[in-house]
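# Sequence first, then the predicted structure, then my questions.
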Amino acid sequence: MRLSARSPSAAVRSRSLPRRRSAQIQACSKCNRFSICAACRGCEGREAWHQHECEAFVKLPPGAKKGDTSTLRLLLRHKATAEQGEWCGANAAAAGKEDFALLKTLQGNPASVPAQALLQLSLLTGVAKETAEELIYQIRTNAASLDRGGKAGCALCCHMGYTNHDCEPNTAAAIDAQGYVRLTALRAMAPGDEVLISYIDQRLNVDERRQVLESHYGFSCGCARCKADLRKKLRGGARALRAEGTGRALR
């Protein structure tokens with residue numbers, strides 16, 4: 001089973017990719033942040049649309065463009081999309097993209113972002129402080145890592161954001177070379193089964209998994225794997241206490 005949805009450009013953050021990583025990927029000569037592959041260069045309006053966010057980024061104070069600028073560029077892209085429309089034109093669905101308005105439907109769990117930092121981001125980008133806060137929360141809660149031989153950025157796909165978590169999921173989510181989110185079944189599924197993905201590293205132990213899910217996503221996981229792991233942990237603790245008691249009695 002494969003479900004797909006194009007992630008919205010308004011909510012995609014990309015890091016500058018080292019040129020040595022791929023000769024096919026080139027960075028914008030003006031902002032040196034936006035990167036595009038040979039297949040997309042000059043087609044479908046991507047480069048032409050980039051000038052809106054590019055010009056805004058180039059005009060930022062030099063100090064603002066140092067270090068990690070992904071959040072700034074995220075907000076500049078959101079602003080450009082809100083004002084100019086999508087790079088693919090008015091009919092996003094025809095291009096396989098999610099509707100920009102779907103961003104409003106995503107949950108955003110509050111995070112500890114300093115009020116002064118939010119104000120500074122708002123002043124630099126012209127995006128309302130409340131909108132900046134909402135987008136940062138949505139990214140933190142729903143974003144998927146974009147890997148291209150190493151982390152290239154992250155993408156916010158609304159349809160994937162609707163998918164619930166399980167520590168032993170029945171599907172795996174990935175972003176393919178065309179920019180589509182793919183949900184691929186990991187095992188046989190019956191009609192009516194809920195599609196579940198993992199929000200976290202499945203290699204973590206039960207305490208680590210639950211801590212990340214509670215602190216980052218705001219819920220206590222009660223999936224079958226967590227319940228089984230907790231039962232094992234409790235049994236192990238009980239055995240240790242009995243062994244300790246026996247040892248004391250022998251002494």
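Everything's here; your move.

# what about Leu123, how many neighbours?
Taking other Cβ atoms under 10 Å as the neighbour definition, Leu123 ends up with a count of 10. Where you see a C-beta, it was placed from the backbone N, CA and C, and this is true even at glycine.

# Next: Lys151.
Here the neighbour count serves as a burial measure; for Lys151 (other Cβ under 10 Å) it reads 11.

# Next: Gln51.
Residues near Gln51, counting by other Cβ under 10 Å, number 15.

# Quick check: phi and psi at the residue nearest to Gly161 when sequence neighbours are not counted.
Using Cβ to Cβ, 6 or more residues apart in numbering and skipping the chain neighbours, the partner closest in space to Gly161 is Asn142 (3.8 Å). When read as degrees, to the nearest 10, the backbone of Asn142 gives phi -120, psi -10.

# Next: the one 5 residues further on.
Phi and psi for Asp147, reported as degrees, to the nearest 10, are phi -110, psi 130.

# Look up how far Arg73 lies from it.
Between Asp147 and Arg73 the computed distance is 19 Å (Cβ to Cβ, to the nearest Å).

# wait, what's in contact with the residue nearest to Gly161?
For Asn142, the contacting residues are Leu106, Gln107, Gly108, Leu156, Cys157, Cys158, Met160, Gly161, by Cβ atoms under 8 Å, 6 or more residues apart in numbering.

# out of Asp147 and Arg73, which sits in the more crowded spot?
A direct count of neighbours by other Cβ under 10 Å for Asp147 and Arg73 places Arg73 higher, at 25 against 12.

# okay but that one is in contact with Ala56, surely?
No. Taking contacts as Cβ atoms under 8 Å, Arg73 lies outside contact range of Ala56: 9.2 Å.

# what's across from Asp147 in the sheet?
Lys151 (DSSP bridges).

# ok, it to Gln138 distance?
From Asp147 over to Gln138 (counting by Cβ to Cβ), the distance is 21 Å.

# Excluding chain neighbours, give the residue nearest to the most centrally placed residue in the chain in space.
For the chain, the residue sitting closest to the mean C-alpha position, by Cα atoms, centre = their mean, is Ala143 at 1.4 Å. Sequence neighbours aside, Cys154 is the residue nearest to Ala143 in space, at 4.2 Å (criterion: Cβ to Cβ, 6+ apart).

# ok, now Thr69?
Here the residue nearest Thr69, using Cβ to Cβ, 6+ apart, is Arg33, at 6.5 Å.

# does that neighbour sit in a helix, a strand or a coil?
Using DSSP: H, G, I helix; E, B strand; the rest coil, the three-state assignment for Arg33 comes out as coil.

# Would you confirm that it contacts Ala27?
Yes. Between Arg33 and Ala27 there is a contact under Cβ under 8 Å: 7.0 Å.

# So which of those two has more stuff around it?
Arg33 (21 against 16).

# got a pLDDT number for the more buried one?
Among the per-residue scores, Arg33 shows a pLDDT of 84.

# Look up phi and psi at it.
When quoted as degrees, to the nearest 10, the phi and psi of Arg33 stand at phi -120, psi -50.

# count of residues packed around Gly192?
Other residues lying near Gly192 total 5 when counted by other Cβ under 10 Å.

# Reduced to three states, what does it come out as?
Per three-state DSSP, the local secondary structure of Gly192 is coil.

# swap in Ala80?
Classification of Ala80 using three-state DSSP returns helix.

# quick one, what contacts it?
Neighbouring residues of Ala80 by Cβ under 8 Å, 6+ apart: Trp49, His52, Glu53, Ala56.

# Let's see if you can find the most crowded of the residues you listed.
Taking other Cβ under 10 Å to define a neighbour, the member of these with the most is Glu53, carrying 25 neighbours.

# Validate this expectation: it resides in a helix.
Yes. Checked against three-state DSSP, Glu53 lies within a helix.

# contacting residues around it?
Listed by Cβ under 8 Å, 6+ apart, the contact set of Glu53 reads Phe34, Arg73, Leu76, Arg77, Lys79, Ala80.
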